[in-house]
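# Just to be clear, the model below is a prediction. Sequence and coordinates:
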Amino acid sequence: MNNFELDARLAKDCLVLGKLNISLLLLMNNKLVPWFILVPQTSEIEITDLSQSDQADLLEETNLLAVFIKENFDISKLNIAAIGNIVSQLHVHVVGRDPADYCWPDVVWGTSERKPYTAERINEITATLSEQLGDRFVCLS
């Protein structure tokens, strides 16, 4: 994990909020949907190539994030995916969806409509993450 570098496309599209046990926690800078991304700090590009321990940690982090989204955003469905066709760096999308969102029922990636978060809203999200996840979340924003 020493030579870990965040993919340039993820860095461009997302805000780095903090770190969990093995992953950076990113927020897609588009407030139209609550769209978070976990990026394990590894050179592996497939979940199946992670150690059993890292797979378990990533699953735990995904579940923590899913609960966070369900408790703090008005959603009716979660989309969780690790596709990586364009960005090969291993990353897991955890997206809150609702029939009222801007591109329902289509996928969120590849859409051009964007509304960036305000600094105030980013601070609110980060504070709530810190409050709910405690010492499992280290704020970096």
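Right, received. Where do you want to start?

# can you give me the helices for this protein?
With DSSP state H as the criterion, the chain has helices at 8-13, 52-72, 119-133.

# ranges for the strands of the protein?
Secondary structure of the chain (DSSP state E): strands at 14-19, 23-28, 35-40, 77-81, 92-97, 138-139.

# Neighbouring strands - and their directions - for the second one?
Under the criterion DSSP bridges, strand 23-28 sits next to strand 14-19 (antiparallel), strand 35-40 (antiparallel) in its sheet.

# and the gap between the residue nearest in space to the middle of the chain and Glu5?
In the chain, the centroid-proximal residue (C-alpha atoms, centre = their mean) is Ile37; its distance is 1.8 Å. Taking C-beta to C-beta, to the nearest Å as the measure, Ile37 falls 15 Å from Glu5. The C-beta positions use only the backbone N, C-alpha and C, and glycine is treated the same way.

# One more: Ala119?
From Ala119 to Glu5 the distance is 25 Å (C-beta to C-beta).

# Ok, Val94 next?
22 Å.

# Point out the one among the helices of the chain that comes closest to Gly110.
helix 8-13 (11.7 Å; C-beta to C-beta).

# When Val94 and Glu5 are compared, which one has more neighbours?
Val94 (22 against 9; other C-beta atoms under 10 Å).

# show me the residues around that one that make contact.
Trp35, Phe36, Ile37, Leu38, Thr62, Leu65, Ala66, Ile69, Leu78, Asn79, Ile80 (C-beta atoms under 8 Å, 6 or more residues apart in numbering).

# Recalculate using a threshold of 10 Å.
By C-beta atoms under 10 Å, 6 or more residues apart in numbering, Val94 lies in contact with 25, 34-38, 61-66, 68-69, 78-81.
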